[in-house]
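Enquirer: Fold the following, please.
(chains A and B)
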Amino acid sequence: MAGVATAKKVRIKDISRPGDEPLMFMNKDELMRACGITEEPAIEPTPQRFIDKYEMSLDGHCNIGIPKPKTKEEEDFFVRRFLSGLEKLFTAGDSWTFQQVLRLSFDYCVKCQTCSDTCHSYLASGRQEIYRPTYRSEILRRIWKKYFTPEGKLLGRFVGADVDVNWRTVTRLAELGHRCTLCRRCAQRCPMGVDNAIIARELRKLFSQELGIAPIEIVEKGCVQHLRVGSSTGMNPPGLKDAVAFMEEDIGDRIGKKFKVHVDKKGADILLIHNAGEFLSWPENPEAFAILFEAAGISWTLSSEPVGYDAVNYGLWNDDVELARVAVRHTQIAKDLGVKKVVIGECGHATKAYVVIADRVLTGQMSSSEVPRESCLPLLWEIIRSGAIKFDPSRNNFPVTLHDPCNMVRAMGIVKPQRLALKAIAPQFREMAPNSVYNYCCGGGSGYAIIQSFNFPQWRNKIGARMKMHQTLEAFKDELDPNKHPFKYLCAPCSNCKGTIRDAITHYGLWDKYNLNYGGLVELMVNAMVDIDRPFIEYEDFH
Amino acid sequence: MAMITIAGKQVEVDEDGFIQDPEIWDEELAKGIAPLEEVNELTEDHWKVVRYIREYYLRTGVAPMIRMLCKNSGFTLKQIYELFPTGPAKGACKIAGLPKPTGCV
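Expert: From the prediction side, this is the model:
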């Protein structure tokens, strides 16, 4: 029964179990204890209306919403398509992008389980078996063995090929592919170099490309909408122009002087592409970029071309085809403007997608050797280091800690610039533990920040983001008294992380209780600018 | 997706009650959605906010950002919450017939 603690020891072959009964359901007594969180909203059981209509039998939660099949034919089609898709994943002509690492990860796991205790979701859940990084991988491995190897076909369970593939197996796997934030902390610790996150990612690709199954926010309202109207937010070019007009006006109100924000300026040195969510939810972030770039005398521009004003590339998490389409548009727009390079704003996945991963799918004239591209973080540190702008760190005299976005820090190794910047402008900066490349994911990685469907936000807040809230409150443990400082600032230079953190702070009531606020790096920089006579960060503003 | 009856019309909504086809929206439908968002009666102040959001959405494809909404409607955020207890992003946008927000917002 959903909502009641189920047997903790879930076996691999339970994935094929018939019926609506979930393999497990989160239990408040088992969730990891988090620093400073003494009470929290009760766990809501799975609504019956979801159970009646959708696949909820993994853990009583879902983010895809696979409808129950109406006929036996539908069920069989689903299973056949899954198996043929799995075969394609290992066929070079069909799927070459990550095949080598996928195959090595498939072949070389020695099941030592070293990776388990590196996973924030596994730990936060109270070490539930199904969130172990190897659980999903081992299921796939056994299916592969059973259906695609001679010994598995012949000897079945005697050679560990004992997972039946039925409709439940496939739909539970689809959901299980979406209980990993692809942060790759497990891959970092694996003594064999196995990457369980790439297995999860390729599994998601199988579902998206072969069965059209993905969270609606990621593909249909994500990549597809991005390419159709210009942005995953739905914002069209007139919307961008409105947002820029608002930025100009708001900058005037905030700093007492106005200037023009460059859009589509041909021949500028830098094309700056933000995650478009920033314009709508955190306009102070692109405003702060504009203020810094102007003050530092940088030649830069935004683009108002569809796709050119939204750096996101959700294909990174689910779909190679969509990934390539978006990256091609970004490159074409940069070429048309004749810029020297593209800089991605404070957004982790967009940075990794364009700076690193795009080169796996695109070569020649679309590659990074033609249009150089980089993260904003080194440039932001350079603005401070070079002395181009004068900063007064005493303006930021409140406790600050730093969250390391996985895609930029663990995956790309951008570790120092943001730390050097904070040390220069935030006198009460302290690290959380662990940090840098050993950070924990915010809990919103791989698109979870934006998945608001069904009861998935409960999973994200209770399990996904729990470790990050714990780490943050630990970093501030001597400052929790809300009367001591106007607020404490969790600096998270990534839109996806900020969305997750905002929702988690709200869920656990940490703004009301501890004055815990959050924001990007550029806002702190502008807040410390000597030439601006008023605070840029508004003390009472949590949004 | 589910079909529900609002103001005598069969309307397709998502699991959170956002209408799926923004084109079918009219003022009668807004009046029907309002009580579901804890707004018993749509006063002239409510309409001012709803019409602004609606017009903005039709032109740009998105809801206006909160600060823009406050600046252009003349209400403070507190007043907007008094008018729409479930908030501007959920309550007001739903009544104005917008789909659920998407992207990293």
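
Enquirer: Enumerate the residues of chain B near chain A.
Expert: Taking CB under 8 Å from any CB of the partner chain as the contact definition, chain B meets chain A at B:14-16, B:56, B:59-63, B:65-68, B:99-105. The C-beta positions use only the backbone N, C-alpha and C, and glycine is treated the same way.

Enquirer: Does anything pack onto the host helix or strand of residue A:87? Which helices or strands?
Expert: Taking DSSP states H and E as the criterion, residue A:87 maps to helix A:72-89. Under the contact criterion of 3 or more CB pairs under 8 Å, 6 or more residues apart in numbering or on different chains; DSSP states H and E, helix A:72-89 touches helix A:133-148, helix A:167-176, helix A:196-211.

Enquirer: What residues sit buried inside the helix or strand just after it?
Expert: Using DSSP H and E, the next helix or strand after helix A:72-89 towards the C-terminus is helix A:99-108. For helix A:99-108, burial by neighbour count (16 or more other CB atoms under 10 Å in any protein chain shown) applies to A:99, A:101-102, A:105-106.

Enquirer: what's helix A:99-108 in contact with?
Expert: The contact list for helix A:99-108, computed with CB atoms under 8 Å, 6 or more residues apart in numbering or on different chains, reads A:89-90, A:92, A:137, A:140-141, A:144, A:192-196, A:198-199, A:202.

Enquirer: Contacts for the helix or strand following that helix, please.
Expert: On the C-terminal side of helix A:99-108, the closest following helix or strand by DSSP H and E is helix A:120-124. For helix A:120-124, contacts defined as CB under 8 Å, 6+ apart pick out A:31-32, A:116-117, A:128, A:131-133, A:179-181, A:183, A:185, A:440-441, A:443, A:462-464, A:466-468.

Enquirer: Kindly export helix A:120-124 (C-alpha atoms) in PDB.
Expert: As requested, the backbone C-alpha atoms of helix A:120-124 are provided in PDB (Å, rounded to 0.1, in the frame of the first residue of the first chain):
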ATOM      1  CA  HIS A 120      23.200  12.100  -2.300                       C
ATOM      2  CA  SER A 121      19.900  10.500  -3.200                       C
ATOM      3  CA  TYR A 122      20.900   7.000  -1.900                       C
ATOM      4  CA  LEU A 123      22.100   8.600   1.400                       C
ATOM      5  CA  ALA A 124      19.200  11.000   1.800                       C
END
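
Enquirer: Now it: average pLDDT?
Expert: Averaging pLDDT along helix A:120-124 gives 98.

Enquirer: Same check on stretch A:401-421?
Expert: 98.

Enquirer: how about it, does it get close to chain B?
Expert: No - Stretch A:401-421 does not reach chain B (CB under 8 Å from any CB); its nearest approach is 12.4 Å.

Enquirer: end-to-end on that stretch?
Expert: 12 Å (CA to CA, to the nearest Å).

Enquirer: Give me the distance from that stretch to the chain's centre.
Expert: A distance of 14 Å separates the centroid of the chain from that of stretch A:401-421, by CA atoms, centre = their mean, to the nearest Å.

Enquirer: Quick check: buried residues in it?
Expert: Under the neighbour-count criterion of 16+ other CB under 10 Å, stretch A:401-421 has A:401-412, A:414-415, A:417-421 buried.

Enquirer: same check, this time on stretch A:527-534
Expert: A:527-529, A:532.

Enquirer: which one of the residues you listed is nearest chain B?
Expert: For those, the minimum distance to chain B (CB to the nearest CB) is 17.6 Å, reached by residue A:527.

Enquirer: list the contacts for that closest one?
Expert: Counting by CB under 8 Å, 6+ apart, residue A:527 has contacts A:395-396, A:535-537.

Enquirer: what's the closest of these to residue A:509?
Expert: The nearest member of those to residue A:509, counting by CB to CB, is residue A:537 at 21.4 Å.

Enquirer: which regions of the chain lie under the pLDDT threshold?
Expert: Just going to use chain A. For chain A, the stretches flagged by pLDDT under 70 are A:1-8.

Enquirer: To clarify, I was referring to chain B.
Expert: B:1.

Enquirer: contacting residues around the spatially most central residue of it?
Expert: Centre of chain B computed as the mean C-alpha position; nearest residue by CA atoms, centre = their mean is residue B:93, 2.5 Å away. Residues counted as contacts of residue B:93 (CB under 8 Å, 6+ apart) are B:18, B:53, B:57, B:63, B:101.
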